[in-house]
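Asker: after the sequence you'll find the predicted model.
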Amino acid sequence: MNSVIIVAAGSGKRMNTDINKQFIKLNGKEMIARTIEVFINNKNIDEIVVCIREEEKDFFIKNIVDKYNFNNIKIAYGGKERQDSIYNGLKEVSTSCNIVLIHDGARPFVDSQTIDKSIQVAREKKAVVVGVPAKDTIKVVEDGVIKETPKRSKLWLAQTPQVFDYNIIMRAYQEAYKNNYYGTDDSMLVEYIGQSVSMVMGSYENIKITCPEDLDFAKEIINKRA
Ligand SMILES: Nc1ccn([C@@H]2O[C@H](COP(=O)(O)OP(=O)(O)OP(=O)(O)O)[C@@H](O)[C@H]2O)c(=O)n1
Ligand SMILES: C[C@](O)(CO)[C@H](O)COP(=O)(O)O
C-alpha cells in the first residue's frame, strides 16, 4: 500500500498574504486542490493524508474537500514545524502502508511520472528524494564571508515527494524526536539514522510556491501545460 502525506499546515509567512498560501487560486484553482488532484489521479497512490491547520479545518472541508469531492482523503492536524506536521500525518497512515510519500502542498506541479518513478525506486532502495541538479554555483557563507564552494557537479536541490519504506521513516522520526533533532527535509532524518537515500531526477517546474514572485512562474507553468 502506497500512502502520501501532503503537508499544508504552514503559515505561509514568506508569501505575505492574508490567507494561507495553500488556498491561493492559481488560474482559478486553489494550490492545495491542484496538489491533491495529482495524487488522487495517480493509480499508484492508495491513501492520501492531508495535514492542515486545525483552525482551517472548516474552511478546508467546505472550500476544498466538498467543492472538489475529495471524499476519501484523511485529515491530520499540523504542528509547529513542518516535521511535526509530518509526524502527525505518519500517525494517521494505515498500518498496512508499505511505502509513504511525503509531499509539500506548496508543490502543485509535481507530475505523475515522477511520483511513479519515486515509488519504483523506493521499493528497491527504501529511501528516495526527488530533486534536480543545481544550476547555480552554491556557496557556504558564514557571517557574510564565503567559506566553501562545493563542487557543483555533486549538488542537487532537494524537492518533494520524498519517499520511504514506512518502517524506516517511522524509525527515523522516532529517533529524531528522541534526540530533539529537526531537519529541513525528511531525508535528513533518514540520513541521521544511517540509511542510504537515493536521488531521482524531478523537474525544474516542481517548484515550491514560497514567495509572491513564485506565483508568476506558477501561472506560466499552468499556461504552458494548458
Ligand atoms: N508547520 C508546518 C510548516 C510547513 N508546512 C508545510 O510544508 C510545506 C513547505 O513549507 P513552506 O513552503 O515553508 O510553507 P510555510 O511554512 O507555510 O511557509 P513560510 O515558511 O513562508 O511560513 C508547505 O506546504 C507547508 O504548508 C506544514 O505542513 N507545517
Ligand atoms: C522539504 C523541502 O521542500 C525540500 O526542498 C524544503 O526543505 C521545505 O522547506 P520549507 O522551509 O519547510 O519550505
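Answerer: Noted; the coordinates are in hand. Ligands and ions are numbered 1, 2, ... in the order given.

Asker: the residue in the chain sticking out farthest from the centre bridge partners, please.
Answerer: Residue farthest from the centre of the chain, counting by C-alpha atoms, centre = their mean, is Val145 at 31.6 Å. Legend: beta-bridge partners of Val145 under DSSP bridges are Glu142.

Asker: how about the helices in the protein?
Answerer: Ranges of helices in the chain, per DSSP state H, are 31-40, 57-60, 66-68, 82-90, 112-125, 166-178, 186-192, 212-225.

Asker: so which of these comes closest to ligand 2?
Answerer: Nearest to ligand 2 among the helices of the chain is helix 82-90 (4.3 Å), distances taken as C-beta to the nearest ligand atom. Quick note: C-beta positions are derived from backbone N, CA and C, even for glycine.

Asker: the closest one packs against which elements?
Answerer: strand 2-8, strand 47-52, strand 74-77, strand 99-104, helix 166-178, helix 186-192 (3 or more C-beta pairs under 8 Å, 6 or more residues apart in numbering; DSSP states H and E).

Asker: would you mind measuring from Val200 to Pro150?
Answerer: Counting by C-beta to C-beta, to the nearest Å, the separation of Val200 from Pro150 is 21 Å.

Asker: quick one: which of these two has more around it?
Answerer: More crowded of Val200 and Pro150, by other C-beta atoms under 10 Å: Val200, with 17 against 12.

Asker: got JSON lines for the helices of the chain, with mean neighbour count, mean pLDDT and distance to Ser3 too?
Answerer: Formatted as JSON lines, the helices of the chain follow (neighbours: other C-beta atoms under 10 Å; pLDDT from 0 to 100; distance: least, C-beta to C-beta, whole Å):
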{"stretch": "helix 31-40", "mean neighbour count": "22", "mean pLDDT": "98", "distance to Ser3": "10"}
{"stretch": "helix 57-60", "mean neighbour count": "14", "mean pLDDT": "98", "distance to Ser3": "19"}
{"stretch": "helix 66-68", "mean neighbour count": "13", "mean pLDDT": "98", "distance to Ser3": "20"}
{"stretch": "helix 82-90", "mean neighbour count": "22", "mean pLDDT": "98", "distance to Ser3": "9"}
{"stretch": "helix 112-125", "mean neighbour count": "17", "mean pLDDT": "98", "distance to Ser3": "11"}
{"stretch": "helix 166-178", "mean neighbour count": "17", "mean pLDDT": "98", "distance to Ser3": "8"}
{"stretch": "helix 186-192", "mean neighbour count": "22", "mean pLDDT": "98", "distance to Ser3": "14"}
{"stretch": "helix 212-225", "mean neighbour count": "13", "mean pLDDT": "96", "distance to Ser3": "26"}
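
Asker: would you format the ones you listed as JSON lines with distance to Cys51 included?
Answerer: Below are these laid out as JSON lines (distance: least, C-beta to C-beta, whole Å):
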{"stretch": "helix 31-40", "distance to Cys51": "11"}
{"stretch": "helix 57-60", "distance to Cys51": "11"}
{"stretch": "helix 66-68", "distance to Cys51": "18"}
{"stretch": "helix 82-90", "distance to Cys51": "4"}
{"stretch": "helix 112-125", "distance to Cys51": "18"}
{"stretch": "helix 166-178", "distance to Cys51": "14"}
{"stretch": "helix 186-192", "distance to Cys51": "13"}
{"stretch": "helix 212-225", "distance to Cys51": "21"}
